[in-house]
Structure formats: structure tokens, C-alpha cells
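S.K.: Sequence plus predicted model, see below.
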Amino acid sequence: MADAQRIATRPFAQARLHQALLARSSLWAVCRCGQEAQIDPANWLGQGLRRQPLGALETRLRCQCGARQARLEIRGLSEAPAGPTGGIHVFR
Ligand SMILES: [Zn+2]
């Protein structure tokens with residue numbers, strides 16, 4: 001499957017949602033348009049998705065540019081971007 005290969009080559013696709021909950025970690029979405037936003041996983045946790053791989057959650061994001069997918073990453077506190085962020089939200 002081309003899709004599976006694409007996910008396998010990406011560093012965070014196999015990480016699971018609960019890994020973003022560790023102390024000093026945060027969950028970020030990055031869209032192809034360049035938008036970056038911190039994501040609050042509360043909605044997904046409420047759906048019992050804490051063991052889902054991040055790659056399986058990316059199509060649940062919506063960006064203000066109209067994209068229906070954004071790349072998810074787990075970042076440490078020091079890795080937050082300096083510029084303005086936002087514009088990507090959990091759709092379901
Ligand atoms: Zn976008």
C-alpha cells in the first residue's frame with residue numbers, strides 16, 4: 001500500500017497519542033500550507049483513542065486553508081515555533 005509506506009517513513013506516524021501526554025510534551029499539527037497549531041487531544045482522549053497511532057488521527061484535523069489532513073508531531077516545550085500559530089483544529 002502506498003499509503004502505509006508514506007506513513008512508515010515519517011517519524012511520528014507510529015507514535016501513539018498518549019505519548020503526547022507525557023510531561024513537557026505537546027501535540028502539534030503542521031499543514032502543507034505552512035500553518036502550525038498546538039492541538040488539544042482532550043476530544044480524542046474522550047473517544048478512547050489514546051492508543052491510536054498519530055498517523056491514524058491526521059485525517060481528523062481541519063486547517064483553515066481547507067485541507068482535511070495535517071501532519072501530527074510530538075514536540076518538547078523548547079520546540080514550540082516562535083511565530084504565530086493556530087488555524088488547525090480537531091474536526092472529529
Ligand atoms: Zn492549511
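M.R.: Right, received. Where do you want to start?
S.K.: And the pLDDT for residue 11?
M.R.: On the pLDDT scale, residue 11 is placed at 78.
S.K.: Now it. Nearest residue, chain neighbours left out?
M.R.: residue 73 (7.9 Å; CB to CB, 6 or more residues apart in numbering). Using the backbone N, CA and C atoms, a C-beta is placed for each residue, glycine as well.
S.K.: That neighbour reaches residue 28, doesn't it?
M.R.: Yes - using CB atoms under 8 Å, residue 73 is in contact with residue 28, at 4.9 Å.
S.K.: circling back: doesn't the residue nearest to residue 11 fall inside a strand?
M.R.: Yes - assessed by DSSP: H, G, I helix; E, B strand; the rest coil, residue 73 belongs to a strand.
S.K.: quick one: contacts for it?
M.R.: 11-12, 27-30, 54 (CB atoms under 8 Å, 6 or more residues apart in numbering).
S.K.: So which of those residues sit within strands?
M.R.: Among these, the members falling in strands (DSSP state E) are 27-30.
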